[in-house]
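Q: Sharing a sequence plus its predicted fold:
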Amino acid sequence: MPAEPPIAGPWSAEPLITVEHLDHSFTEAGQSKRVLSDINLSVHPGEVLILTGPSGSGKTTLLTMLGGLRAAQCGRLTILGEDLLHASAATLTRLRRQVGFIFQAHNLLPYLTALDNVRVGLEVHPAWLDRGRAAMDASAAAMLERVGLADRRYYYPEKLSGGQKQRVAIARALAPAPRLLLADEPTAALDRDSGRAAVELFRQLADHQHAAIVMVTHDNKVLDIADRIIQLEEGRLVAG
Amino acid sequence: MAEITPTRRLRLPCPSLLRRTPLAWRQAIHRPMRLAAAIAGVSFANVLVFFQLGLSGGLYDSQKRPIERINGQLVMVSGRYLYLGEQLNIPRARLTQALGVDGVRAVTPLYIGISEWLNRDTRQQKQALIFGITPENPALRIQELATDPLALQRSDSLLFDTRSKRNAGPVADVVRRDGSYATELRGVRAVITGLFTLGVTFAADINLITSNTNFKNYFPDQSSDDIQMGVIQLEPGVDPLRVQATLRSFLDPSVKVLTIGELEATEVNYWRRNTSFGIIFGLGVLVGLVVGGIIVYQILYSDVSDHLSEYATLKAIGYNDGFVVAIILQESLILALLAFGPSFLLSLGLYGFLARSTSLMVVMTAQRALLVFLFTLAMCGASGWLATGKLRRLDPAEIF
């Protein structure tokens, strides 16, 4: 596990995310289409950021770039100290291990139990593999307990409800204690109480582990959890 | 759930592959019925390959059976000799010449001819391969002649191979009961007076052995100066290759001298190259491999397509391309390993059946089992690799 950076206070440390003059375009049928224009953004350890905006405004593209799923084409994009401008596939893969992802679709492996699914999220880290299976199982079980699924840990995804599956996916993302958590509509499949519990977990990750959280959501009930809310419109940041 | 019980074993240092959740295995066994169908499919392909190899191997090995019985170290045959059963003559005088070479102890002729055997019951004619040997120095080592040297002494003695095809008629049973069995060879009366055991070749359905004198009764057109094969017997310790070289130095090219090994190789090559058996069986093997490959590809491809977003998720959380591709390749190897056992056992049974019903030497060899195992590994591996095409092109950003 990477060593925790020494942090005096939430805002004093180096930002985990630094975005400067970031543009991004997709090429579709030979035509270049601009999706992000001149994005400037920094997110610090311990900060919870909510990203909103109409659909097609570039939220998801920005989120994928923050998570190392796409390399930057121009401008500056530095995540957890890695420069992602024209980054190689190997660099992106290495970065992704330090980022927790929660997707709109839970994407659990159907042939693994809830506990196994969470453990697969740990096994990608060599340090966790070295600690052995018992330690990984204990950690995975503890995280499932925190999302309220202690009694469902040996269930296969097909036996879980949509909300339960999403909570397993949340546990998978949180179990390795990532320094950066990226979530795309994480509460969409959850009822009011579960959604609240999930974002409380994000808040705790930020407060106790000094992780940075970037969450795309339209769920007004959870907006209060954020330190900052920024809005994207037609690829530009308009508030925040 | 036994697998989550913490044990000391798991704390031992071991390759990271073993410390990880065995995703390929878990995926393979998740749906047992689908796994069973996959194993059945791959097993079927393997059995098909075993069947083709067994039959072709049996065909080739069985052709060598009379040659393995030749009572000598060198043979003299016509320069145009291709396989045992073709009636190509050489002058007997050529064989006598070999007696003059240093190291040659004796020579003895082997008469070979094909005639039409009449099945008394069905009135159908079947091909019979007839060997004519001199009783004093038989050109073939036959167990029954060794125990009963007088079996060929009578001028009309004719021995019948108990491993001849059943379409010859109930010859062996009748001989055991009555002592003889009378029928016709190309219209000439022939009486079976005894039995021996050799095994048929593809040249004929029936094997017969008779004396050199009686042989001429069934082939009246043949000159008494002609033989079909000369068997050369050497003094103990003499190098056959040296004698072969000496003989070649003075014999004209209308005859050639071969070692027993060369004669066997000639026989196998004949059936392999100058008949379509090789192509037929080779295509059979190919069909088996393609069928198996398609089955494995179908299963793995649908695994990939059905779970594309899960694989993308694995990539998104930091697993690299190699890891994701390896899951499918491991699954293909799991199928290969699980299917081999059942197909091997099925093929053993099939070989027993083939050996009984065709009288061919269809036997399982370690070499063949290994070959089929490598085939199935290659087949499953190749199909697995093809099935991962989508995975290798998969962009993890697409799952958002």
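A: Sure thing, it's come through. Keep in mind that this is a model prediction, so the values were computed, not measured.

Q: which residues in the stretch 251-400 of chain B form strands?
A: Using DSSP state E, counting those that start in this stretch, the strands of the stretch 251-400 of chain B run over residues B:255-259.

Q: shaky segments in it?
A: Residues of the stretch 251-400 of chain B that meet the criterion pLDDT under 70 lie in B:399-400.

Q: List of residues touching stretch A:142-155?
A: The contact list for stretch A:142-155 (Cβ atoms under 8 Å, 6 or more residues apart in numbering or on different chains) reads A:113-115, A:118, A:140-141, A:160, A:164, A:167-168, A:170-171, A:174-175, A:194, A:197-198, A:201, B:1, B:4. In short, each C-beta sits where N, CA and C put it, glycine included.

Q: Of the residues you listed, keep whichever come out buried.
A: Neighbour-count burial (16 or more other Cβ atoms under 10 Å in any protein chain shown) is assigned, among these, to A:113-115, A:118, A:140-141, A:160, A:164, A:167-168, A:170-171, A:174-175, A:194, A:197-198, A:201, B:4.

Q: So what's the gap between the helix or strand where B:Tyr111 lies and the chain middle?
A: Counting by DSSP states H and E, the element that carries B:Tyr111 is strand B:104-118. Centre-to-centre, strand B:104-118 and its host chain are 25 Å apart (Cα atoms, centre = their mean, to the nearest Å).

Q: repeat for stretch B:284-296
A: 21 Å.

Q: Go through that stretch and flag the buried ones.
A: B:284-285, B:288-289, B:291-293, B:295-296.

Q: And these, which is closest to A:Val222?
A: Closest approach to A:Val222 among these (Cβ to Cβ): B:Val296, at 47.0 Å.

Q: The closest one contacts B:Ala38, doesn't it?
A: Yes - at 7.2 Å, B:Val296 counts as touching B:Ala38 under the criterion of Cβ atoms under 8 Å.

Q: I'd like the next helix or strand past the strand holding B:Tyr111.
A: Later in the chain than strand B:104-118, the nearest helix or strand by DSSP H and E is strand B:125-133.

Q: For that following strand, which helices and strands make contact with it?
A: strand B:104-118, strand B:206-211, helix B:212-218 (3 or more Cβ pairs under 8 Å, 6 or more residues apart in numbering or on different chains; DSSP states H and E).

Q: got TSV for the ones you listed, with mean neighbour count, mean pLDDT and distance to chain A too?
A: As requested, the helices and strands packed on strand B:125-133 are exported to TSV (neighbours: other Cβ atoms under 10 Å in any protein chain shown; pLDDT from 0 to 100; distance: least, Cβ to the nearest Cβ, whole Å):
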stretch	mean neighbour count	mean pLDDT	distance to chain A
strand B:104-118	21	95	63
strand B:206-211	26	95	59
helix B:212-218	19	91	72
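
Q: Export those as CSV, with columns for distance to B:Lys126.
A: Listed next are those as CSV, based on distance: least, Cβ to Cβ, whole Å:
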stretch, distance to B:Lys126
strand B:104-118, 5
strand B:206-211, 6
helix B:212-218, 15
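
Q: Please enumerate the helices of chain A.
A: For chain A, the helices defined by DSSP state H cover A:59-66, A:89-96, A:114-123, A:126-131, A:133-146, A:162-174, A:192-209.

Q: again with the stretch 301-400 of chain B
A: Listed from the start of the chain, the stretch 301-400 of chain B has helices (DSSP state H, counting those that start in this stretch) covering B:308-316, B:321-358, B:366-387, B:389-393.

Q: ok, what's across the strand from the residue nearest in space to the middle of chain A?
A: Closest to where the C-alpha atoms of chain A average out (Cα atoms, centre = their mean) is A:Leu182, at 1.8 Å. Residues in a beta bridge with A:Leu182, per DSSP bridges, are A:Phe101, A:Val214.

Q: and it, what is it in contact with?
A: Residues in contact with A:Leu182, defined by Cβ under 8 Å, 6+ apart, are A:63, A:66-67, A:99-102, A:214-215.

Q: Nearest to chain B among those?
A: A:Phe101 (5.4 Å; Cβ to the nearest Cβ).

Q: Please report phi then psi for B:Leu159.
A: Phi and psi for B:Leu159, reported as degrees, to the nearest 10, are phi -100, psi 150.

Q: Could you list the low-confidence segments of chain A?
A: Across chain A, the ranges flagged by pLDDT under 70 are A:1-12, A:239-240.

Q: How about the contacts made by residue 175?
A: Picked chain A for this. Shown in contact with A:Ala175 (Cβ under 8 Å, 6+ apart): A:118-119, A:121-122, A:139-140, A:143.

Q: actually chain B
A: Going by Cβ under 8 Å, 6+ apart, B:Val175 touches B:160, B:181, B:192-195.

Q: what do you get if the cut-off is 10 Å, keeping everything else the same?
A: Contacts for B:Val175 were tallied using Cβ atoms under 10 Å, 6 or more residues apart in numbering or on different chains; they are B:159-160, B:162, B:181, B:191-195.

Q: if we can go back for a sec, find residues that contact each of B:Val296 and B:Ala38.
A: With contacts defined as Cβ under 10 Å, 6+ apart, the residues adjacent to both B:Val296 and B:Ala38 are B:331-332, B:335, B:339, B:380.

Q: Can you tell me the SS state at the most centrally placed residue in chain B?
A: Geometric centre of chain B, nearest residue: B:Gly57, 1.2 Å, by Cα atoms, centre = their mean. At B:Gly57, secondary structure determined by DSSP: H, G, I helix; E, B strand; the rest coil is helix.

Q: quick revisit: return the distance of the residue nearest to the centre of chain A relative to A:Val43.
A: Between A:Leu182 and A:Val43 the distance is 10 Å, computed by Cβ to Cβ, to the nearest Å.

Q: Which neighbours do those two have in common?
A: Jointly contacting A:Leu182 and A:Val43 under the rule Cβ under 10 Å, 6+ apart are A:17, A:66, A:212-214.

Q: Tabulate those residues (TSV), appending neighbour count.
A: Rendered in TSV, the data for these read as follows (neighbours: other Cβ atoms under 10 Å in any protein chain shown):
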residue	neighbour count
A:Ile17	19
A:Leu66	25
A:Ala212	27
A:Ile213	25
A:Val214	27
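
Q: quick check, nearest of the residues you listed to B:Arg92?
A: Ranked by distance to B:Arg92 (Cβ to Cβ), the shared contacts of A:Leu182 and A:Val43 are led by A:Leu66 at 96.6 Å.

Q: Next, count neighbours for A:Gly30.
A: Residues within reach of A:Gly30, counting by other Cβ atoms under 10 Å in any protein chain shown, total 5.

Q: Please name the residues that touch it.
A: A:Gly30 neighbours (Cβ under 10 Å, 6+ apart): none.

Q: Could you measure from it over to B:Leu335?
A: Using Cβ to Cβ, A:Gly30 is found at 43 Å from B:Leu335.

Q: go on, A:Glu14?
A: 50 Å.

Q: Neighbour count for those two, which is higher?
A: Shown here are A:Glu14 and B:Leu335; by other Cβ under 10 Å, B:Leu335 has more neighbours (28 against 13).

Q: All set, thanks.
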